[in-house]
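In: Next input, structure requested:
(one chain, ligands or ions: 1)
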Amino acid sequence: MSKDKLWGGRFTQPTDKFVEEFTASIQFDKRLYHQDIRGSVAHARMLGKQGIIPLEDVEKIVHGLQQILKQIEEGDFDFSISLEDIHMNIEARLSTAIGEAGKRLHTGRSRNDQVALDIRLYLRDEIVEITTYLDLLIDALLIQAEANIDTCMPGFTHLQSAQPILFAHHLMAYVEMFKRDRARLEDCSKRVNVLPLGAGALAGTTFPIDREYVAEQLGFASITRNSLDSVSDRDFALEFLSDASILMMHLSRFSEELILWSTSAFQFIELSDGFCTGSSIMPQKKNPDVPELVRGKTGRVYGNLIAMLTVMKSLPLAYNKDMQEDKEPLFDTIDTVKGSLKIFADMIREMRVNVERMGKAAGQGFSTATDVADYLVRKGLPFRDAHEVVGKSVAYCVENEMDITELSLAEWQLFSAKIDTDIFECITVEASVNARNVPGGTARECVWNEIQSVRAGN
Ligand code: ARG
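Out: Model (predicted):
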């Protein structure tokens, strides 16, 4: 007999113990308790307002649910595997506590639309939290960018020294990425913030429900338009997992750079001790564990996206039990992204920058060669010819083991008669950086204005 089951009516045999465990989701969906209760309170009030259940019952239900909320929060609630999921755990407890009235709560509703509601409510709140963490990280980057507005570093392409840039400019590139991540999440939130309740199991309900009223109570911007889609849609979760994957890709690229910059070969930055660990055998080691782990955790976030896409790819409409597999990847991604963002913001704020070392490296590797070419263009040479001239002077420097800043005027003039003494002031790192005074460029003025503009909320 399955008399302990809320759906036990048509069953004569008890569920196999292992099957019960295998099919249950309470182990992980209990974290939806708050949303489940909020949704049920709104649903019960609507049922009362529409005269579908007696108002006295609504009062009992609401009070009973508030008690359950308190019990769960105080750790005074035994979640039971045999009650399968959070929805039935709470409903069964409610009926035990208030009797008949509790058994009326599920009128005009199914767990299929109920679970869709709970996830949407949960994700909606989590997105707000994640964007708050993103703001903290952006803020930490702005502080470092401002403090390093005069710090030069080598800009790379192919990880080869390319042109000197400001360290602040490099940091502001990440600010751009994280701003896009925030915008993507805010956009995703629009699709999350739609009420699915009222779809019933799949086809709607025979009761005269008021979905708009429920939406209003729960702060949803609108209601779903098709009952089948309402219970079988997880696009909003997939969208979130995609946005989270892109966000982690950004954090992972940043991690990679922090790891590189803190090697003894680079020594551009030093992460504070709190974010590193030592080696049990090599006493000199200080390992950048935090960025390494964030880079590593990017893998599980991508994995969660692929897991969820794969769960959904062949499902016929409408609800299928497969969809219970949506929760763990979603929760894991939320936890991972929040943890990574939080720790990153602190790490960036405390990061020490080796201004001298970076500045010195900025001038190495013929990094101002393009400036010489641009100089020749200003003197009337076509760019391609200028490129050739500078290429030859670089080859000369390589052969004579010297830097282009060490060339004398006479040596410069071996390559072009157009070169004069003013060449020397245009091949310094500072001149090179500040010459790139175009919107989006690395000149001090551009970067400073950009920092202020982001600070002002743009
Ligand atoms: N625990 C289920 C889930 O997470 C809730 C919905 C179950 N619906 C059903 N018809 N079995 O998806």
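
In: Does I37 lie in a helix or a strand, and which?
Out: helix 33-49 (DSSP states H and E).

In: What residues sit buried inside that helix?
Out: By neighbour count with 16 or more other C-beta atoms under 10 Å, helix 33-49 contains the buried residues 33-48. The C-beta positions use only the backbone N, C-alpha and C, and glycine is treated the same way.

In: which one of those sits closest to the ligand?
Out: Relative to the ligand, the closest of these is D36; by C-beta to the nearest ligand atom it sits at 10.3 Å.

In: The closest one reaches E91, doesn't it?
Out: No - D36 lies out of contact with E91 (C-beta atoms under 8 Å); the separation is 9.1 Å.

In: which bits of the chain sit near the ligand?
Out: 25, 29, 85, 111-112, 115, 319, 321, 323-324 (C-beta under 6 Å from any ligand atom).

In: Which pair of those residues spans the longest distance?
Out: Farthest pair in the residues of the chain next to the ligand (C-beta to C-beta) is D29 and Y319. Separation: 14.8 Å.

In: Who has more neighbours out of these two?
Out: Applying other C-beta atoms under 10 Å to D29 and Y319 shows that D29 carries more neighbours, namely 25 against 21.

In: Tell me the confidence at that one?
Out: The score at D29 is 98. That number is its pLDDT.

In: now swap in S2 and tell me
Out: Here, the pLDDT recorded for S2 equals 57.

In: tell me the mean pLDDT over whichever helix or strand comes after the helix holding I37?
Out: The first helix or strand that comes after helix 33-49 along the chain, using DSSP H and E, is helix 55-73. Averaged over helix 55-73, pLDDT sits at 98.

In: So which elements touch helix 55-73?
Out: Applying 3 or more C-beta pairs under 8 Å, 6 or more residues apart in numbering; DSSP states H and E, one finds that helix 55-73 contacts helix 33-49, helix 86-98, helix 100-103.

In: what's the offset of it from the middle of its chain?
Out: How far helix 55-73 lies from its chain's middle: 35 Å, per C-alpha atoms, centre = their mean, to the nearest Å.

In: contact partners of that helix?
Out: 33-34, 37, 40-41, 44-45, 47-48, 77, 90, 93-94, 97-98, 100-102, 104-105 (C-beta atoms under 8 Å, 6 or more residues apart in numbering).

In: and the angle for that helix with helix 33-49?
Out: With axes from the mean of the first three to the mean of the last three C-alpha atoms, to 10 degrees applied, the angle from helix 55-73 to helix 33-49 works out at 180 degrees.

In: ok, and for helix 55-73, which residues are buried?
Out: Across helix 55-73, burial judged by 16+ other C-beta under 10 Å covers 57-58, 60-62, 64-65, 68-69, 72.

In: likewise stretch 229-241?
Out: Buried positions in stretch 229-241, judged by neighbour count with 16+ other C-beta under 10 Å: 230-234, 236-241.

In: who touches that stretch?
Out: Residues outside stretch 229-241 that contact it (C-beta under 8 Å, 6+ apart) are 110, 112-113, 116, 119-120, 123, 127, 185, 188, 191-192, 194, 196, 198-199, 201-202, 224, 301, 304-305, 308-309, 312, 315, 317-320, 323, 326, 329-330, 333.

In: so of those, which ones are in strands?
Out: The strands, defined by DSSP state E, take in V194 from the contacts of stretch 229-241.

In: from the middle of its chain, how far away would stretch 341-352 be?
Out: 16 Å.

In: Output it as PDB, nothing but the C-alphas.
Out: C-alpha atoms of stretch 341-352 as PDB (Å, rounded to 0.1, in the frame of the first residue of the first chain):
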ATOM      1  CA  LEU A 341      32.900  36.400  -7.800                       C
ATOM      2  CA  LYS A 342      33.000  37.100  -4.100                       C
ATOM      3  CA  ILE A 343      36.500  35.800  -3.700                       C
ATOM      4  CA  PHE A 344      37.700  37.500  -6.800                       C
ATOM      5  CA  ALA A 345      36.500  40.900  -5.700                       C
ATOM      6  CA  ASP A 346      38.500  40.600  -2.400                       C
ATOM      7  CA  MET A 347      41.600  39.200  -4.200                       C
ATOM      8  CA  ILE A 348      41.600  42.100  -6.700                       C
ATOM      9  CA  ARG A 349      41.200  44.700  -4.000                       C
ATOM     10  CA  GLU A 350      44.200  43.300  -2.100                       C
ATOM     11  CA  MET A 351      46.400  42.600  -5.100                       C
ATOM     12  CA  ARG A 352      49.800  44.400  -5.000                       C
END
